[in-house]
Every structure is written in structure tokens, then in C-alpha cells.
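S.K.: Mind folding the following:
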Amino acid sequence: MGMAFYTNFCPSIHYFAGCTILFLFGYGFNCNAQNDTVALINYSDKIIVKANIDTRNDAFFYRNKEENTRLHLKPNTRYRLFLSLDYEFLGVSVGFVPKFLDANNDENLKGESTFSDYQFRFFLGKWVQGLHYRKISGYYIRNTKDFAPNWIKGTDPYLQFNNLFSEVFGMSTSYVFNPNFSYRNIVYQNEWQKISSGSLIGSLHYDYSIFDLNEEEIISREKFFNVRLEPAYYYTFVLRDNWFLSANMSPSLGLRFSKTESEVDSNPIIENNTYIVRRLAGGLNVGYSSKRVIYGLNFTFSADWYNEDKVSSTENDQLYGSVYIGYRFDPPKFVQKIFKPLTGRNTIDQ
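M.R.: Residues are numbered from 1 along each chain as shown. The predicted structure is shown next:
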């Protein structure tokens, strides 16, 4: 049986999800008349550079109810930094662990982890196409005391899997149903929505993932192909002086095709399984957007779960925050010249 992942769905996530739902019902479904008069300002003719720091931690938890055992794995990545650039229909971002902030200075106890993330996005009218690659290596066992009763927190190092890594190759396709709602304003900040409005956004997510462990006595590799359909609802409440508050909620359902390759006593074992995966995600975003400067704060939650068998369940829950700041500026003329055949925009001589 492959390794399953679980993190307790804490009461704070229930509270946060409730606040998000109340916001959507309070504003999103009582302001439909405003949709016909919404106006958008498009900043795709500007180059947008942005830095984003978040606290998301891709922790994995294996739990077996019958044996009453658990294994909580976490990478030592307290903060993640993303640098992004958007221009016209194209966007790109790079993510890594910011060593210069000295955020993960406990490597002597938790070991060293590496994180890399690359994302590309394409804006095609009301369609958004995304591609991403992510790799995390180096994990420690958060519940080390369950395996070493004499272990002392803060003094003794955690048990570690330095040769454990996860890798994701993914894509997503999204469609915004309301032409007067700006999905790009709240996610990529290359538009501005002038009047409060909401929209249904349909997305299809598909990825190929690898979870690989290669230690002296343990060899295991689990490969996944995931496909998931996500109908989301977003609503943006525009405040005075270029401020906005936005909320979203997105239940989804998908399939996970799993292939586990392991080795026991030099005997290879291969197991194939198919799971139904359920997911609920949402978030709140408050931000500021002027002609040049953008900044904001996001709070996000997500919960994924499926039953691996009668005694083992898989869950991966997240509750994290992020802060971003960015700047818009006019592109150099040679950049405009390169993109002009693709966009038809004539701004070189202006």
C-alpha cells in the first residue's frame, strides 16, 4: 500500500471557511444587478514585477486507524518566496526558499530542505492556461517522539528523510463566465475591477506527481496522475481609494490514478489503485492597486481527502497566509516590438 497523507482539519479552518461563505452570500449573491455596469481597466500593456512571500508548508501525514499509527512528514521550509513577471498575455514566476531571510535557521535540528517552483500562465480572453513544476526534497518527522520516547524537543534533532522528495508536473485550464469580473485583478494584478462584481470560474486541473523515498532500508516510489474538475465562485467588493476585498470558494471532485513501486527483501512490489478525490478550497484577499503600485494580503485554506482503503484515509489540509508587493512600468520599445505581431497593439511610437 502506498504512503498516504494527512493533516488534522483544525477548528481554525472551519472558522475561516465559515467567514468566507458568509462573505460570498452577503455580497456575491445580492449584487447581481451591478454586473451589467462593471468596467475593467486592463494593465496588460505594462510590465508587472511582483514579489510574494507565503507560509504554506506541504506537510504529509500517514495514518492507519487499524494499527493506530501515524507518520507526520514536513519539509523545513517555513517561508517561500515567489518572484513573478507579467506582460500582455504571458506570465511567469519562480519560487524558492529565501535563505537570506534566515527564516529556516534550524537545519541542525530539522535538516535541510530544498524547494523550487516554476509557473507559466497564458491569458487568452476569458481563458487562463497554466503550467507549473514543483520539487521539494528533504523532510523531517514532526512526530519524532512517537518513534523515540526519550527525544527532547529543541535539543535533539528530528528523525529525517534527507533522500525523500516530491515532484509535480501540472497544468490547469480556467474559464471566467462573467466578462465584467476580473479574475486577473485578484490573482495576477494585471487588471483593475472598478465596480463590485462576482463570477463563476470553471477550472480543470491535471498533473503527474512523484513521491520518492530512497533510504538504506526503504525504497518506495509512488506515481500519481490526477485530474480534477473545480467549479469556483469569486466575488470582489471594491472599496474606496483603489482598495478591494475578495473572497472565493471552490469545491471540486477528481480521480487519482496511483502506481506504487516498492522493494521488500530485494523483492519488487508493484500496486495500482484508483481513488476518488474530494477537495474544498477558499480564500480571502485584501489588496491595493494603483496605476503603478500594487500590494496585498491573502489568506487561503484547502482540504483534500480520499479513502485509500477501509482503514487508511488520506487528507492534506492547508491554512496559510501570503503578502505581495509589485510595480507596473512601461516596457522597453524592443519588448513592445517583439510582442506587437502577437497582440496587434500599436504603442511603440507613443
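
S.K.: which stretches of the stretch 101-250 of the chain form strands?
M.R.: Along the stretch 101-250 of the chain, the stretches classed as strands by DSSP state E, counting those that start in this stretch are 114-124, 127-141, 160-176, 191-193, 197-214, 219-238, 243-264.

S.K.: Is the residue nearest to residue 211 when sequence neighbours are not counted bridged to anything, and to what?
M.R.: Among residues not flanking residue 211 along the chain, residue 222 sits closest, at 4.5 Å (C-beta to C-beta, 6 or more residues apart in numbering). To be clear about C-beta, it is placed using only N, CA and C from the backbone, and glycine gets the same treatment. According to DSSP bridges, the residues that bridge with residue 222 are residue 211, residue 260.

S.K.: looking at it, residue 222 is touching residue 208, isn't it?
M.R.: No - judged on C-beta atoms under 8 Å, residue 222 makes no contact with residue 208 at a distance of 11.9 Å.

S.K.: Compare those two and say which is more crowded by neighbours.
M.R.: A side-by-side neighbour count of residue 222 and residue 208, using other C-beta atoms under 10 Å, places residue 222 first with 21 against 14.

S.K.: Would you mind measuring from that one to residue 206?
M.R.: 18 Å (C-beta to C-beta, to the nearest Å).

S.K.: Distance check, the one residue sitting closest to the centre of the chain against residue 269.
M.R.: For the chain, the residue nearest the mean C-alpha position is residue 56 (8.2 Å; C-alpha atoms, centre = their mean). When distance is defined by C-beta to C-beta, residue 56 is 33 Å away from residue 269.

S.K.: Equivalent analysis for residue 78, please.
M.R.: Counting by C-beta to C-beta - residue 78 and residue 269 are separated by 36 Å.

S.K.: go on, residue 247?
M.R.: 46 Å.

S.K.: Between those two, which is the more surrounded one?
M.R.: residue 247 (26 against 11).

S.K.: and the more buried one, what are its bridge partners?
M.R.: The partner residues for residue 247, given DSSP bridges, come to residue 235, residue 284.

S.K.: is it true that it touches residue 282?
M.R.: Yes - with contact defined as C-beta under 8 Å, residue 247 and residue 282 form a contacting pair (7.2 Å).

S.K.: Please name the residues that touch residue 192.
M.R.: Residue 192 is in contact with 40-41, 43, 182, 185, 242, 289, counting by C-beta atoms under 8 Å, 6 or more residues apart in numbering.

S.K.: let's go with 10 Å and repeat that
M.R.: 39-43, 182, 184-185, 238, 242, 244, 289-291, 294 (C-beta atoms under 10 Å, 6 or more residues apart in numbering).

S.K.: cool, residue 49 as well?
M.R.: Listed by C-beta under 10 Å, 6+ apart, the contact set of residue 49 reads 83-87, 325-329.

S.K.: so where is this structure shaky, pLDDT-wise?
M.R.: 1-39, 101-105, 216-217, 264-265, 309-315, 346-350 (pLDDT under 70).

S.K.: can you give me the helices in the stretch 251-350 of the chain?
M.R.: 333-343 (DSSP state H, counting those that start in this stretch).

S.K.: the strands in it, which residues?
M.R.: Along the stretch 251-350 of the chain, the segments classed as strands by DSSP E, counting those that start in this stretch run 267-289, 293-307, 313-329.

S.K.: Now distance to residue 127 too, for those, in CSV please.
M.R.: Output for the strands of the stretch 251-350 of the chain, formatted as CSV (distance: least, C-beta to C-beta, whole Å):
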stretch, distance to residue 127
strand 267-289, 21
strand 293-307, 23
strand 313-329, 23
